[in-house]
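Colleague: please find the sequence and the predicted model below.
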Amino acid sequence: MSEPIIVARGVDVELGGVPVLSGVDLTVEPGEVVAVLGANGVGKTTLLRCLAGLQSASGSVSVLGRPPVDEPGFWREVALVGDEPTWYPGLSVREHLELMSGVHGPGRLEVGAALDLFELGGCADRAPSSLSTGQRQRLSLAMALLRPSRLLLLDEPERGLDAAFRERLAGLLAVYADDGGTVVMVTHDPRFAEDARHIALEAAA
Ligand SMILES: Nc1ncnc2c1ncn2[C@@H]1O[C@H](COP(=O)(O)OP(=O)(O)OP(=O)(O)O)[C@@H](O)[C@H]1O
């Protein structure tokens, strides 16, 4: 039997002296799609940041068999789409995809196919900073899904996306999981939650 991709036990986080997460337990098996749900401010993004090694916590967190750390070896296996994408000055949309493809090796998609699938062909030669919110989100998702990874961490992937593209993305996430990948996403979108196992967070005591 394969090992879980994520095992978190008794995770506690305080931010600014205020408890945000308290005793959170989570186990995620390979190939699962998990939706972290809950009201604004209950700590969903904070939990995702713990899984990404970007937020320290009490308790134990294991991702892919070891504590998550913000270093290259970890990010070779884990792709994150958070709320603060970083764009490389001077590089176009196409070049951002080429960069990801070049750094991470042969990916799940060719750059041209990713431009088509994420409907970015018409703005391939523009700077990401000149794109609309939804176009930037599609680029962030394309950069994460084009490259090989074992775990996809998504913070509100629905941000800025129109209904048709949300539907397409739901399909792409299902394919990613069918291919053996694991998805943990924070979402407020019932469409994404529909196909996922739910983890409901509540306000820390
Ligand atoms: N750097 C920080 N310092 C102090 N408090 C913070 C910090 N970052 C977040 N918080 C607080 O921690 C709590 C959890 O924030 P978090 O972003 O994890 O919530 P969330 O469940 O993802 O919310 P939303 O659904 O609105 O995105 C909130 O009350 C927030 O105000």
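Modeller: Cool, got the structure. Keep in mind the model is a prediction, meaning the values are calculated, not measured. Residues are numbered from 1 along each chain as shown.

Colleague: what parts of the protein come near the ligand?
Modeller: 15-16, 20, 38, 40-46, 186 (C-beta under 6 Å from any ligand atom). Where you see a C-beta, it was placed from the backbone N, CA and C, and this is true even at glycine.

Colleague: check the residues you listed and tell me the two furthest apart.
Modeller: For these, the maximum inter-member distance is 20.3 Å, found between 16 and 186 (C-beta to C-beta).

Colleague: which one's more surrounded, those two?
Modeller: Comparing residue 16 with residue 186 by other C-beta atoms under 10 Å, the one with more neighbours is residue 186, at 25 against 5.

Colleague: ok, now how distant is that one from residue 102?
Modeller: 29 Å (C-beta to C-beta, to the nearest Å).

Colleague: now swap in residue 57 and tell me
Modeller: 34 Å.

Colleague: between the two, who's got more neighbours?
Modeller: Comparing residue 57 with residue 102 by other C-beta under 10 Å, the one with more neighbours is residue 57, at 20 against 12.

Colleague: just the helices in this protein please.
Modeller: For the chain, applying DSSP state H gives helices covering 44-51, 72-75, 93-104, 111-117, 133-146, 163-178, 190-194.

Colleague: using JSON lines, lay out the ones you listed together with mean pLDDT.
Modeller: Formatted as JSON lines, those follow (pLDDT from 0 to 100):
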{"stretch": "helix 44-51", "mean pLDDT": "97"}
{"stretch": "helix 72-75", "mean pLDDT": "93"}
{"stretch": "helix 93-104", "mean pLDDT": "95"}
{"stretch": "helix 111-117", "mean pLDDT": "96"}
{"stretch": "helix 133-146", "mean pLDDT": "96"}
{"stretch": "helix 163-178", "mean pLDDT": "95"}
{"stretch": "helix 190-194", "mean pLDDT": "91"}
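
Colleague: please consider this matter closed, and thank you.
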